[in-house]
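[1] please find the sequence and the predicted model below.
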Protein chains: 2
Amino acid sequence: MQIYLAGPEVFLPDAEDVANAKRAICARHGATGVFPTDPVHCPEADASPEGWLAIYLRNEAHIRRADALIANLTPFRGPSADAGTVYELGFMRALGRPVAGYANTRTPFTERTRSFLGPSARRRPDGGWEDGEGLHLESFGLHDNLMIDGGLRAAGGPLVTREVAEADRWRDLTAFEAALRALLKSA
Amino acid sequence: MQIYLAGPEVFLPDAEDVANAKRAICARHGATGVFPTDPVHCPEADASPEGWLAIYLRNEAHIRRADALIANLTPFRGPSADAGTVYELGFMRALGRPVAGYANTRTPFTERTRSFLGPSARRRPDGGWEDGEGLHLESFGLHDNLMIDGGLRAAGGPLVTREVAEADRWRDLTAFEAALRALLKSA
C-alpha cells in the first residue's frame, strides 16, 4: 500500500531525515511511505516554467497515485493544521480513499483558538465564544475545524492525538505510527 | 450553475445577510449560490447523532452536488485561509470541477507569515526565511500556501485579490463578484 505522507515537515531543515524515519516506519508495517518531495512521473510538472507550480503538480500526482494518506495535523503557525496538508486531506477524501490524521498535541481546537486570540476572545450570552470581530469560535470539542475531523470520521479514518513536548513536536513519530497502524487495520 | 460558496463567513453573527448578498450577486450573473448552511437532502446527516458531523456531511453533500466552488481565501486567524475553506477547495479540485478564489488583501503570503511570526522569523544565508524552529517560509510570491494557489492554477480558476479596509474584509464582496465573473467566463 502506497501512503502519501502529508505534513509541514517538508519545511524542516532536516526534512529528508524525518521523511526517512517515516518511510522506515511504513516499511516495518509492510507499507510504502511516499513523501511529497519524492520524484514522480509528471510531464505537466516537467513542462511547467514555474517551480512552485511544478511542486503543486507533483504533489497532486503523488496523491492521485497513492492508496491512502496520513496527515500530520499538528497545529502550524496558528490554531489549525498546515494549510497545504488540509488541502491534501480534502483532496484525498474526495477521491474516496482511506485517510488518517495525527497531531502531537491534545489541546482541543477551541482552547487553541482562544489562546491564539488572547484577550480579544469573549463569551457570548449563550456561553459560546467569539473573536474581537464577532466571528464565532467552533466549540464542538474537536481536534481542529470540523471539516478536518469530519472528513476523517466520514472516511472511517483514525485521528490520533498525543501530548508531546513542544521541542519534539515536529519529529516525534509515536502518534504517526499509531495512526498508520489504525489505518492499516481499518483499510 | 450551482456554485458552492466556501468561506469563514459562516462564523459571522450576520452570516445569513452575507449569504443573501452573495446569493443575489450570483443570481444577477445567472448562477445559483449555495451557502454551507442551506438545507440539503442528506440522509446520513439526518441520521447522525452528532451535530458537528451532520454539518460536515451536509457540507460535503453540497459540494458533491455543486457545479463549481468559490472560496473566500481572506486570511483567517493566522497567515492562511480558513482551514475548512481550504479543505473544501482541495475536495472540489479532486472532483475536477471549476474552482475560484478571492481574498480581501493583497499582502503576499510570505509577508503575512513574517508579520505573524514577528521577530522570531529570521533570514537564512541563502536569502530565504525560516521561523524560530528553523522551518522554512514559502517565498514564491504567492497569495497563500502553494497548494492553494496551485489548485486554482491547475484548475484554470481565477484568484482575485484586492486591498480592502480591515473592518470591511468579511463583508466587502467586490473581489467575490470579480472571481465569480471570471469563473463564469472560463467555465
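    Structure received.
[2] so chain A: which segments form each domain?
    Chain A resolves into domains spanning A:2-107+A:144-186, A:109-142 when parsed by automatic domain parsing.
[3] in TSV, list those along with distance to residue B:16, mean pLDDT and mean neighbour count.
    For the C-beta atoms, the positions are set from N, CA and C on the backbone; glycine is no exception. Listed next are the domains of chain A as TSV, based on distance: least, Cβ to Cβ, whole Å; pLDDT from 0 to 100; neighbours: other Cβ atoms under 10 Å in any protein chain shown:
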stretch	distance to residue B:16	mean pLDDT	mean neighbour count
domain A:2-107+A:144-186	19	98	20
domain A:109-142	13	97	15
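[4] export these to CSV and tack on distance to chain B?
    Output for those, formatted as CSV (distance: least, Cβ to the nearest Cβ, whole Å):
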stretch, distance to chain B
domain A:2-107+A:144-186, 3
domain A:109-142, 4
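[5] after the helix or strand residue A:23 falls within, which helix or strand is next?
    Residue A:23 belongs to helix A:15-28 when assigned by DSSP states H and E. Next helix or strand after helix A:15-28 toward the C-terminus (DSSP H and E): strand A:32-34.
[6] distance from the centroid: which residue in chain A tops it?
    Farthest-out residue of chain A from its mean C-alpha position, per Cα atoms, centre = their mean: residue A:125, at 34.0 Å.
[7] could you pull out the helices for chain A?
    A:15-28, A:43-47, A:51-65, A:83-95, A:109-117, A:146-154, A:174-186 (DSSP state H).
[8] between the last one and helix A:15-28, how many degrees?
    Put plainly, it is helix A:174-186. 40 degrees (axes from the mean of the first three to the mean of the last three Cα atoms, to 10 degrees).
[9] can I have helix A:174-186 written out in CSV, keeping just the CAs?
    This file holds the C-alpha atoms of helix A:174-186, laid out as CSV (Å, rounded to 0.1, in the frame of the first residue of the first chain):
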residue,chain,number,x,y,z
THR,A,174,4.7,7.9,18.0
ALA,A,175,1.3,9.3,17.1
PHE,A,176,2.2,8.9,13.4
GLU,A,177,2.9,5.2,13.9
ALA,A,178,-0.3,4.7,15.9
ALA,A,179,-2.3,6.4,13.1
LEU,A,180,-0.6,4.2,10.5
ARG,A,181,-1.4,1.0,12.5
ALA,A,182,-5.0,2.0,12.8
LEU,A,183,-5.2,2.9,9.1
LEU,A,184,-3.8,-0.4,8.0
LYS,A,185,-6.2,-2.3,10.3
SER,A,186,-9.3,-0.4,9.0
